[in-house]
Each structure stands twice: as C-alpha cells, then as structure tokens.
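1. Mind folding the following:
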Amino acid sequence: MIIAAAGLDPLLILAIGIGIVLSLIIFFRANAFLALVTAAMVVSLLAPGAPDEKMKRVALAFGEACGKFAIVIGLAAIIGECMMQSGAADRIVRSSLRLFGERRASVALMLSGFILAIPVFFDTVFYLMIPLARSLCRQTGKNFLLYVMAIAAGGAATHTLVPPTPGPLAVAGILDVPLGTMILIGIMVAFPAAFLGEMIFSRWVNRVMPVPMRPLLGTTEPEPVEENRLPSLGASLLPILLPVLLISADTTVDALQRIQAKRQPAAIADKTTPEVSTLDRCRAVTAVVGNPNFALLISTVIAIVVMQRQRGMNFFEIDKAVETSLMSAGVIILITAAGGAFGKMLDVAGVGEGVKGLFAGEKGLSGVEYLFLGYTLAAILKLAQGSSTVAMITSAGIFSNVVGEQGPSQLGFHPVYVATAIAAGSLMGSWMNDSGFWVFARMSGLTEKEALRSWTPLLAFLSIVGFLTTLGLTWVLPLAG
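-> Reported below is the predicted structural model:
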C-alpha cells in the first residue's frame, strides 16, 4: 500500500481529512468552504511532494475546479433569478396545474418542482411553490401534507441528481463524466424517484399522518400575479430545455463518432466516407453550441430578454437582478471549488490506491460493489454533516482515482452510474443538521417532529429508489461499449 511522504498511510490521511470537514461543520459551525479548504491544505501537507509545492497545488486544484464549474453555476443562478422575476417559473407551475386538474394537483406540483429545480436552487423552488400548495389546500380543504411533499419530491430529486445544480455538476466534473451524459442519466434516475415518491410514499404519509395547514406567523400570503402578466409557456420553458437539448446533442454526436470510429477505423482516419464527414461537420457545430458554458450563456440571454419584456426593466434594473443572483452563486462556487481541491488532494495522497488496496484480492471489487460503496459513503457523510453537496464532492473525490483507472470496460458500465449512486446516497439521512430540513419545516408550518416523520423518510425513499434505478440502468443501459 502506498505510504505518503510523511509516513502516513493514505487511508489515515483520508480519515484525517474527513474528520476535519465533519468536526469543523458539526462542532464549530464553520462554513463548508472553510472546512473543505482547511481539509484540502492539511491533506496536501500530509501527502507526498516537495514542501514548496504543497500549498501551490491546493490553489491550482481550486482554480482547475473553478474552470469546470464556475461559469455554469453562475449562469444557472442568473437563469433561475430571471425565471422567478419574469413569472416564467409561475407560468410553468400554473400550466402544470391546468393540465392535470385539481384531482391530480399533487402530480402537477411534483412535475413543476422537478422541472424548476434544474436551474433553480431547491429552497427557492420550495419558497416559490409553497403558496400554491396553501392555495390548493384552501380550495380542497385537505391534502396539505401531500402537496408540500410532492413539491419536495420533485425538487429534491433533480436538485441532487441533475446538473447544473452544484452537487451533481461537481460530481460529474470530478469523475470526468460528460455533462450531457450526467444530465440525461440524472433525469432517468431522478424521475422514477420523484414519481414514486409522490404517487406512493407521499400519499401514504398523507393518509396516516394528516397535517392541517397552519397560518405562518410573521408572514403574509403573496398576491397572485395576473395571468396576462406572465410569459407564454414556450418562452418559460425555453431557458431550461434549450441547454439540455444542446448539451445532449453534443453528447449524442460525440457518442456516434466513437461508435463509427470503432467500426470503421481506417475510413475515419482518411475521411473518405460521407457518413464520417457528416458527423464531423455536425460535431464542429455541436462542440461549440453544445458546450455547457456556451449553451447556458444562450439560455441566460433568453431568460434576461424574457424578464425584460415581461417586467419592462431598464438596464440598471437588469444589472441589479443579475448581481443579486451572482451573490448567491459566488458562495456555491467557492464551496464547490474547495470541494474539488479537497478531492484532488486526496488523489495526490494516494487515497484511491488505498481504497483499492483494501479490497485487493484475486478479483478486487466488482462494478456493482463500487456502486454500493459510493452510495454508502455518501449516505454516511450526509447523515454526519447535513450537506448533500459536501457529501457528494467528498465521496466523488475519494472515488475519482479508482473510477478513472477502472473505466467502463472494468466496471461493466459507464462511470456516470457511480456519479448517480453517490448523488442518490447524498439524499439519505436528511435531518436537523440539513438546511433543507428547516426550509421544508418552516415554510410549510410543520413541527420538527412532523418534518422528521415526513421529510426525512421521504428523502430516504428517494435515495433508495434512485440507487435501485441506478442499479437497473447498469444492466439495461450500461453505456460501456
């Protein structure tokens, strides 16, 4: 087993790093950025290398992580803010409710939360939609808990599994998973979890534990926006769907090129077949417009234009809206990049080799066993310190070296499934140390006991379904060819 320069076993360095993160967050209430940066620096000091390089490589890894995540996170935050202010988010919710009707209102709320949580952070989605749940409860006189749990199921699933939200975005970057692949597989994993979470679990909890809608002290019910002041459904959905389509198109063309190269390597080399030249011309376009940074930039421009047209804003007001969104994005970028630096330092310390060494037998671990290990580690980290993003980034950093060396042929499936297993694990164990717990409880007027009996098991249900779906997809759609 690899021994670090300081004479420490890599697994001991891993334990020290995780211990620093957990102790600073849990006992000293430190910000996740400070905890992750501190852990990254300590791990780097304990890892092999020249003394004058140990701090430099932390900063370089931090910058490398920013290069992967920062633009996408910043643009996604602007899109979310613009959708809120323009009424686009409101339009999506109202259209869903109109489509499904009052009897299936919980399905509409789940779908709306599922869609909106792709570019908008979970707490913002929940804040936006909770007045609708209260309004529906006033109309029907029942099912308040079902409505709020449906919103939570849809929002939490995509927030944790589908980029460009920071957690899955960071995991995809750390594990070198193409963003388009992470988006598509993330949606395929998240939707069954959200759907079953609403159709089965939330309805069951609503029956066995009916919770009345209570007035929220110190708050006033927001006035609904007039219908004619909202943008069209097409304009509302465009900032979400367009980047997904562009990024997915580039991923698809790239995959077709790889398949073609395997089947006709000689023809690809001299560019003699018309099929190859067609693919090359398509890739020349999709590589630009399907680049996540460029695709999100196009979407951002559209979202700003929609906001300006609906609200009649001048340039100063648009600038203020953008600045507001970037202030919240800056904190997320710092935390995500710090987590990326921490993961890189774990790699430098030889933790990946150390993890493999634990299971070094005749055959080592199978691909499915890696999925179980990643899922379990993320779940334990989430339970211990409360942040899904920290749990995901830390787990992905530990497994980055292992997954990179194994590859699809050794795992038996694409590394994206390691990413979704880790993301699903980070849903488990949400309780009072998780900010999402308090967002759910306070905005819905539930007591702590009621939230522990509804929100906590709901996310555990989403976590288990997400992991089982991941396992199923590795057999049905391994993407290992």
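
2. alpha carbons only for contacts and neighbour counts from here, please
-> Will do.

3. Nearest spatial neighbour of residue 294, chain-adjacent residues omitted?
-> residue 288 (7.0 Å; Cα to Cα, 6 or more residues apart in numbering).

4. Which element is encountered next along the chain beyond the host helix or strand of that neighbour?
-> Assigned by DSSP states H and E, residue 288 belongs to helix 274-289. Read in the C-terminal direction, the helix or strand following helix 274-289 is helix 292-311, with elements assigned using DSSP H and E.

5. Just give me how far the next helix or strand after that next one sits from the chain centre.
-> Moving toward the C-terminus from helix 292-311, the next helix or strand (DSSP H and E) is helix 315-348. Mean-position distance between helix 315-348 and its chain equals 14 Å (Cα atoms, centre = their mean, to the nearest Å).

6. average pLDDT across helix 315-348?
-> Helix 315-348 shows an average pLDDT of 90 in the prediction.

7. and what of stretch 209-224?
-> Rounded mean pLDDT across stretch 209-224 is 71.

8. Only C-alpha atoms, please: export stretch 143-160 in CSV.
-> C-alpha atoms of stretch 143-160 as CSV (Å, rounded to 0.1, in the frame of the first residue of the first chain):
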residue,chain,number,x,y,z
ASN,A,143,-54.1,17.1,1.4
PHE,A,144,-51.8,19.9,2.6
LEU,A,145,-49.0,17.5,3.5
LEU,A,146,-49.4,15.7,0.2
TYR,A,147,-49.0,18.9,-1.7
VAL,A,148,-45.8,20.0,0.2
MET,A,149,-44.3,16.6,0.0
ALA,A,150,-45.0,16.4,-3.8
ILE,A,151,-43.1,19.7,-4.2
ALA,A,152,-40.2,18.4,-2.1
ALA,A,153,-40.1,15.1,-4.0
GLY,A,154,-39.8,16.7,-7.4
GLY,A,155,-37.4,19.5,-6.3
ALA,A,156,-35.1,17.4,-4.2
ALA,A,157,-34.7,14.7,-6.8
THR,A,158,-33.5,17.0,-9.6
HIS,A,159,-31.5,19.3,-7.3
THR,A,160,-29.4,16.3,-6.2
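
9. still on that earlier bit, what's the local residue count around the residue nearest to residue 294?
-> For residue 288, the number of neighbouring residues by other Cα atoms under 10 Å comes to 15.

10. cool, and the one 5 residues further on?
-> For residue 293, the count of nearby residues is 22 (other Cα under 10 Å).

11. which residues does it contact?
-> Counting by Cα atoms under 8 Å, 6 or more residues apart in numbering, residue 293 touches 71, 72.

12. Repeat that for the one 10 residues further on.
-> Taking Cα under 8 Å, 6+ apart as the contact definition, residue 303 lies against 79, 82, 83, 239.

13. elements contacting the helix holding residue 288?
-> helix 233-263 (3 or more Cα pairs under 8 Å, 6 or more residues apart in numbering; DSSP states H and E).

14. Of all the residues in the helix it packs on, which ones are buried?
-> Across helix 233-263, burial judged by 16 or more other Cα atoms under 10 Å covers 233, 235-240, 242-244, 246-254, 257, 260.

15. Any regions of the stretch 101-250 of the chain where pLDDT drops low?
-> The model of the stretch 101-250 of the chain has pLDDT under 70 over residues 216-224.

16. at 80 instead, please
-> For the stretch 101-250 of the chain, the stretches with pLDDT under 80 are 102, 128, 215-225.

17. where do the helices sit along it?
-> 105-116, 122-140, 144-161, 166-174, 179-196, 203-208, 233-263 (DSSP state H, counting those that start in this stretch).

18. which stretches of the stretch 351-481 of the chain form helices?
-> 351-358, 367-385, 388-411, 416-425, 435-444, 448-476.

19. Let me know the angle separating the second one from helix 388-411.
-> So that's helix 367-385. 170 degrees (axes from the mean of the first three to the mean of the last three Cα atoms, to 10 degrees).

20. how much space is there between residue 191 and residue 255?
-> Between residue 191 and residue 255 the computed distance is 24 Å (Cα to Cα, to the nearest Å).

21. same deal with residue 93?
-> From residue 93 to residue 255 the distance is 35 Å (Cα to Cα).

22. ditto for residue 211
-> Residue 211 is 49 Å from residue 255, by Cα to Cα.

23. just to revisit the earlier point, now the two most distant members of the contacts of residue 303.
-> 82 and 239 (9.7 Å; Cα to Cα).

24. element containing the nearest residue to residue 30 once chain neighbours are set aside?
-> Among residues not flanking residue 30 along the chain, residue 24 sits closest, at 5.4 Å (Cα to Cα, 6+ apart). In this structure, residue 24 sits in helix 10-26 according to DSSP H and E.

25. and that helix, which residues are buried?
-> So for helix 10-26, counting by 16+ other Cα under 10 Å, buried means 10, 11, 13, 14, 16, 17, 18, 20, 21, 22, 24, 25.

26. Wait, the fourth one touches residue 346, no?
-> Yes. Applying Cα atoms under 8 Å as the test, residue 14 and residue 346 come out as touching, 6.8 Å apart.

27. Overlap in contacts, the two.
-> What both residue 14 and residue 346 touch, as defined by Cα under 8 Å, 6+ apart, is the set residue 43.

28. wait, the residue nearest to residue 30 sits on residue 33?
-> No. With contact defined as Cα under 8 Å, residue 24 does not reach residue 33; the gap is 10.4 Å.

29. picking up where we left off before, in a markdown table: the contacts of residue 303, plus distance to residue 391.
-> Shown next, in a markdown table, are the contacts of residue 303 (distance: Cα to Cα, whole Å):
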| residue | distance to residue 391 |
| --- | --- |
| 79 | 26 |
| 82 | 29 |
| 83 | 29 |
| 239 | 29 |
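
30. Quick one: the residues you listed as a markdown table, columns for secondary structure and distance to residue 123 too.
-> Below are those laid out as a markdown table (DSSP: H, G, I helix; E, B strand; the rest coil; distance: Cα to Cα, whole Å):
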| residue | secondary structure | distance to residue 123 |
| --- | --- | --- |
| 79 | helix | 15 |
| 82 | helix | 16 |
| 83 | helix | 15 |
| 239 | helix | 20 |
